[in-house]
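Undergrad: Quick one, what's the 3D model for this:
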Amino acid sequence: MARPRWQDQASQSSGPWTRGWDRFVAVWASVNLLWVAFDISYLPLRTFWLQRNLYPIPSVPLVVPLGAIPDITPWIDPIKGIEPHRETQAYLGHFRVLDRAMLPLKQGQPLSPGQRSLLKHQAQLTAELIDANPFLASEGSATLEKIKYRLRQRANQNSARQAAAQLLSAPWLEQQGWAQERTFWQGQVLPLVATNYWRSIDGNGRPTDHFWRIDLLLFQSIFALDIGLRVIRLRRRLPGLRWRDALLRRWVDLPLLLPFWRWLRLLPVIERLQSSGLINIEPLRAVVSQGERSVRRQPLAPPFGRPLSALARNHVGSEHATPCGSKWDIPCGVRTSMPIPLRCKPVSAGWWHGNTTSSEGRPSRHRGMRQARS
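TA: Numbering: from 1, shown residues only. Down below sits the predicted model:
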């Protein structure tokens, strides 16, 4: 019994240095693929990397803090051209000033004139935040809608502006106390405000992104060197092969050098991991190929979802008789209700044209053929 190809011993490279280099490039290409996936998903997931909180149930204020994950935004934001937004940073800075002034306040204690002035200014900044919507620069309009919804729900108002004015009013804070309101603002409003950012524009009018520099220096330079070495090895193995043809044989490595469609790098990464012996996808490929062949072998479904032989048996003696030479498995001479002139063929020795017999009592084949021709 033949052994599958993936169970055979892997072919050894020309030397240990070559095999070690191929494995290093395969691992480095895998690291580059992970880096590309992180770069593509960084902007949609920046709120997670900034706050490092997980919300397992949508629309439910259930937070799972992940403090073990480091804050990587100070290193990644400059690469993507992300800078703090001035309006939201001013809003957060003024709230910190208000918080320091309101900390000595206890429930039922009247507010001082300075505290009332800070509250009035904070309410004005909140109204400007709702009207100006600075989250448009970071495509975070949904974030502002969350803030407005939480304000309306907290104050039981239909307007977010009225809700903010009520929550930052002196009578409300004298009744509720600053400690309880401070928990609400710092837990449900300010973290959403802090997610806003401003992204700079480069000379081409596009958002700044320095990812290509890291990709070129650390990864694509190694890939270009490896492709050159592979082409040289291919030319040594096949001296009559032209350089152009040798490069065309490495077409699968082209996505590694493209600055766009970077998700296509998955193909050369899998090919390099397979050729270096780090992974083995042959069993999976064999299963997929076997499934395709089994699907192709399945016969086409007959009309009305029933086998044609059963359809013919149920309609023996009807007004339409099946002619000879059919490609379907229907005995000749069987009458069916299908008016289509099928070309049938005999399926057993007992079915002959006209059921004629010779002088010896055996079916006469030539006589049936003459009747068919007539």
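
Undergrad: Show me the shaky parts of the stretch 51-200 of the chain.
TA: By pLDDT under 70, the weakly predicted segments of the stretch 51-200 of the chain are 59-61.

Undergrad: Phi and psi next, for Arg52.
TA: Per-residue torsions, Arg52: phi 60, psi 40 (degrees, to the nearest 10).

Undergrad: ok, it - how many residues close by?
TA: 17 (other CB atoms under 10 Å). Just so you know, the C-beta spots here come from the backbone N, C-alpha and C atoms, and that holds for glycine as well.

Undergrad: can you start the count at 24 instead of 1 from here on
TA: From this message on, residue numbering opens at 24, which makes the last subject Arg75.

Undergrad: these two touch, right, it and Leu89?
TA: Yes - using CB atoms under 8 Å, Arg75 is in contact with Leu89, at 4.7 Å.

Undergrad: how much space is there between the nearest residue to Val254 once chain neighbours are set aside and Asn179?
TA: Excluding the flanking residues, the one nearest Val254 by CB to CB, 6 or more residues apart in numbering is Ala269, at 4.7 Å. Distance from Ala269 to Asn179, counting by CB to CB, to the nearest Å: 74 Å.

Undergrad: next one: Asp249
TA: From Asp249 over to Asn179 (counting by CB to CB), the distance is 65 Å.

Undergrad: could you pull out the strands for the stretch 224-373 of the chain?
TA: Assigned by DSSP state E, counting those that start in this stretch, the strands in the stretch 224-373 of the chain fall at 343-344, 358-359.

Undergrad: could you measure Trp72 against Asp276, distance?
TA: Taking CB to CB, one finds Trp72 at 32 Å from Asp276.

Undergrad: how many other residues sit next to the residue nearest to Val254?
TA: 17.

Undergrad: That one and Leu257 touch, don't they?
TA: Yes - distance between Ala269 and Leu257: 4.8 Å, which falls inside the contact criterion (CB under 8 Å).

Undergrad: rewinding a little: show me which of Trp72 and Asp276 is the more surrounded one.
TA: Counting neighbours by other CB under 10 Å for Trp72 and for Asp276 shows that Asp276 has the greater number, 21 against 17.

Undergrad: Contact partners for the more buried one?
TA: Asp276 sits next to 246, 250, 253, 291 when contact means CB atoms under 8 Å, 6 or more residues apart in numbering.

Undergrad: need the helices for the stretch 224-373 of the chain, in chain order.
TA: Ranges of helices in the stretch 224-373 of the chain, per DSSP state H, counting those that start in this stretch, are 234-237, 244-260, 266-271, 289-298, 305-320, 331-337.

Undergrad: any chance of these in CSV, with distance to Gly43 and mean pLDDT too?
TA: As requested, the helices of the stretch 224-373 of the chain are arranged in CSV below (distance: least, CB to CB, whole Å; pLDDT from 0 to 100):
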stretch, distance to Gly43, mean pLDDT
helix 234-237, 25, 92
helix 244-260, 13, 91
helix 266-271, 23, 87
helix 289-298, 14, 90
helix 305-320, 23, 72
helix 331-337, 63, 48
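
Undergrad: okay, the ones you listed in CSV with distance to Asn55 next?
TA: Listed next are the helices of the stretch 224-373 of the chain as CSV, based on distance: least, CB to CB, whole Å:
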stretch, distance to Asn55
helix 234-237, 10
helix 244-260, 8
helix 266-271, 21
helix 289-298, 8
helix 305-320, 23
helix 331-337, 57
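
Undergrad: Pick the most buried one from the ones you listed.
TA: helix 289-298 (a mean of 18; mean count of other CB atoms under 10 Å).

Undergrad: So which residues lie in contact with that one, not counting its own?
TA: Counting by CB under 8 Å, 6+ apart, 45, 48-49, 52-53, 55-56, 275-279, 302-305 sit against helix 289-298.

Undergrad: Output that helix as PDB, nothing but the C-alphas.
TA: Written as PDB, here are the backbone C-alpha positions of helix 289-298 (Å, rounded to 0.1, in the frame of the first residue of the first chain):
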ATOM      1  CA  LEU A 289      -0.800  34.900   3.900                       C
ATOM      2  CA  LEU A 290      -0.200  32.800   0.800                       C
ATOM      3  CA  PRO A 291       3.600  33.100   0.700                       C
ATOM      4  CA  VAL A 292       3.800  32.700   4.400                       C
ATOM      5  CA  ILE A 293       2.000  29.400   4.300                       C
ATOM      6  CA  GLU A 294       4.100  28.300   1.300                       C
ATOM      7  CA  ARG A 295       7.400  29.100   3.100                       C
ATOM      8  CA  LEU A 296       6.300  27.400   6.400                       C
ATOM      9  CA  GLN A 297       5.300  24.300   4.300                       C
ATOM     10  CA  SER A 298       8.500  24.200   2.300                       C
END
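
Undergrad: hmm, back to that, confidence-wise, which of the strands of the stretch 224-373 of the chain is weakest overall?
TA: Lowest mean pLDDT of these: strand 343-344, a mean of 45.

Undergrad: Let me know the next secondary structure element after the helix or strand where Val54 lies.
TA: Here Val54, judged by DSSP states H and E, is contained in helix 39-65. The first helix or strand that comes after helix 39-65 along the chain, using DSSP H and E, is helix 69-74.

Undergrad: what's in contact with that following helix?
TA: 65, 77, 92, 94-96, 99, 105, 214, 217-218, 220.

Undergrad: Top of the residues you listed by number of neighbours, please.
TA: Busiest of those [other CB under 10 Å] is Tyr220, holding 23 neighbours.

Undergrad: how close does that residue get to Tyr65?
TA: Separation of Tyr220 from Tyr65 (CB to CB) stands at 12 Å.
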